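Q: Here you go, sequence then predicted model.
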Amino acid sequence: MRLAVIQFTPVFGAKEYNLEKISKYINEIEADILVFPELAISGYFFQSREEVKEAAENFNGKTIGNLHELSIKFNKTIVIGFPESYENKLYNSVAILFPNTALNKCYRKTHLFYKERFCFDKGDTGFFVIEDKDNDINIGTMICYDWRFPESARILTLMGADLIVCPSNLVTDVWQSVIYTWAVGNRDDLAGANRT
């Protein structure tokens, strides 16, 4: 199995530009799993709920649907951050998209960072692991600041994760050392995709 951690700079508010770049990566990178940064579709950093409302989409909406079609077409699992709108709530979310539609899930960030709490609602999915029998792998997901809490990675490990994916927009250098520590301590692979 080949895993690609794609680090690029999504442009804030330039959804079409970001999606064009993302689609090109999906098409060109030879890997079974592609992990993109936090809020890769919209860019980061939101200042208000109104800004999030303008950019947010439903997990079952057109944008995620189009990305899922690429997942099927190229037979790749895609892990990508996006601002989600669901039942009058706004979440900092990650879509985990598989060629097998039945496995698709959405994770909502548990630990909001800094001013995110003024823009997003606290995630309500909790941590979970997806069993991909076709590729013989169990994938757990967290987002950016979730890494700050050792319990996040530990919970996913105890739930059976072989691989923890962590789309991020990290602003401190210490995360690189800590993510290695969580991976070694939990005997898991951990893929952190930061923006550049």
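A: Sure thing, it's come through.
Q: When you work out contacts or count neighbours from here on, use the C-alpha atoms and nothing else.
A: Fine.
Q: Surely residue 110 touches residue 120?
A: No - at 10.7 Å, residue 110 and residue 120 do not qualify as touching, with contact defined as CA atoms under 8 Å.
Q: Do a quick rundown of the helices in the chain.
A: Across the chain, reading from the start of the chain, the helices by DSSP state H fall at 15-28, 49-55, 62-74, 150-158, 174-186.
Q: looking at the ones you listed, which is closest to residue 89?
A: Go through the helices of the chain one by one with CA to CA and the one that ends up closest to residue 89 is helix 49-55, at 9.2 Å.
Q: So which bits of the least confident helix or strand in the chain by mean pLDDT are buried?
A: Of all the helices and strands that make up the chain, the one with the lowest confidence by mean pLDDT, DSSP states H and E is helix 174-186; it has a mean of 87. By neighbour count on 16 or more other CA atoms under 10 Å, the buried set for helix 174-186 is 175, 179-180, 182-183, 186.
Q: Pipe those into a markdown table and attach distance to residue 102 per row.
A: As requested, the buried residues of helix 174-186 are arranged in a markdown table below (distance: CA to CA, whole Å):
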| residue | distance to residue 102 |
| --- | --- |
| 175 | 33 |
| 179 | 30 |
| 180 | 31 |
| 182 | 29 |
| 183 | 28 |
| 186 | 28 |
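Q: now, the most widely separated pair of these?
A: Farthest apart among the buried residues of helix 174-186 by CA to CA are 175 and 186. That separation is 16.1 Å.
Q: Now do the contacts for residue 191.
A: Shown here is residue 191, whose contacts under the criterion CA atoms under 8 Å, 6 or more residues apart in numbering are 5, 35, 163-166.
Q: And the strands in this structure?
A: 3-5, 33-35, 77-86, 89-97, 105-108, 129-132, 137-141, 163-167, 189-193 (DSSP state E).
Q: and the last one, which strands flank it?
A: What that stands for is strand 189-193. The partner list of strand 189-193 in its sheet, established with DSSP bridges, is strand 163-167 (parallel).
Q: what residues does the strand it pairs with touch?
A: Contacts to strand 163-167, defined as CA under 8 Å, 6+ apart, come from residues 35-38, 79-81, 94, 137-144, 147, 153, 156, 188-194.
Q: for this structure, which spans come out with low pLDDT?
A: Low-confidence segments of the chain, defined by pLDDT under 70, are absent.
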